[in-house]
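Undergrad: give me a model of this one.
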Amino acid sequence: MRYNPDSQERRRSERFPLNQPALIYAKDKGSGVTECKGRVVNMSSSGILFTTEKEFLPGRRLEIAVAWPTKLDGRCPLKLVVKGRVVRCEGNQVAVEIERSEFRTRGSTRFED
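TA: As a prediction, the model looks like this:
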């Protein structure tokens, strides 16, 4: 999909479906960190869409750890850690603009399918 400034489509990069579990972290002022589980619907190089039971307001900064579907050297589980801000929350779907991302080894996992 190419970006067309005249269309109503605002995404500038193609989204790819990714049905993977995720852990979402949000720092709360004075009360620590809120952690909840979610599931990635799709993602691109600039954004990620996931479902979760928690509602996040636009502008909220989140860290999302995604269980990556392939392993490093076929042996070591990976996770993609994304940091960004919420741009939209509709029902149980949350869209986040990616500001930073990196792959990490997963080690002992808390992800559940």
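
Undergrad: return the set of residues that bridge with residue 48.
TA: Listed beta-bridge partners, residue 48: residue 43, residue 96 (assigned using DSSP bridges).

Undergrad: identify the residues contacting it.
TA: Contacts for residue 48 were tallied using CB atoms under 8 Å, 6 or more residues apart in numbering; they are 40, 42, 64, 66, 82, 84, 95-96, 98. For glycine as for every other residue, the C-beta is placed from the backbone atoms N, C-alpha and C.

Undergrad: and if we set it to 7 Å?
TA: Contact partners of residue 48, counting by CB atoms under 7 Å, 6 or more residues apart in numbering, are 40, 64, 82, 96, 98.

Undergrad: please verify my assumption that the fourth one contacts residue 62.
TA: Yes. The criterion here is CB atoms under 7 Å, and residue 96 meets it with residue 62 at 5.9 Å.

Undergrad: higher neighbour count, the two?
TA: Set residue 96 next to residue 62 and count neighbours by other CB atoms under 10 Å: residue 96 wins out with 26 against 21.

Undergrad: what's the spacing between the more buried one and residue 86?
TA: Distance, residue 96 to residue 86, using CB to CB, to the nearest Å: 6 Å.

Undergrad: what is in contact with these two at once?
TA: Joint contacts of residue 96 and residue 86 (CB under 7 Å, 6+ apart) are residue 62.

Undergrad: pLDDT weak spots in the chain?
TA: Across the chain, the ranges flagged by pLDDT under 70 are 1-12, 108-109, 112-113.

Undergrad: could you dump stretch 62-75 to CSV, C-alpha only?
TA: Provided in CSV are the C-alpha atoms of stretch 62-75 (Å, rounded to 0.1, in the frame of the first residue of the first chain):
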residue,chain,number,x,y,z
LEU,A,62,3.4,2.4,26.6
GLU,A,63,6.0,-0.4,26.3
ILE,A,64,4.7,-3.5,24.5
ALA,A,65,6.6,-6.8,24.5
VAL,A,66,5.6,-9.0,21.7
ALA,A,67,6.3,-12.7,21.6
TRP,A,68,8.1,-13.0,18.3
PRO,A,69,7.1,-16.0,16.2
THR,A,70,10.6,-17.1,15.1
LYS,A,71,13.6,-18.0,17.2
LEU,A,72,17.2,-16.7,17.1
ASP,A,73,19.3,-19.5,15.4
GLY,A,74,16.3,-21.7,15.6
ARG,A,75,16.7,-22.1,19.4
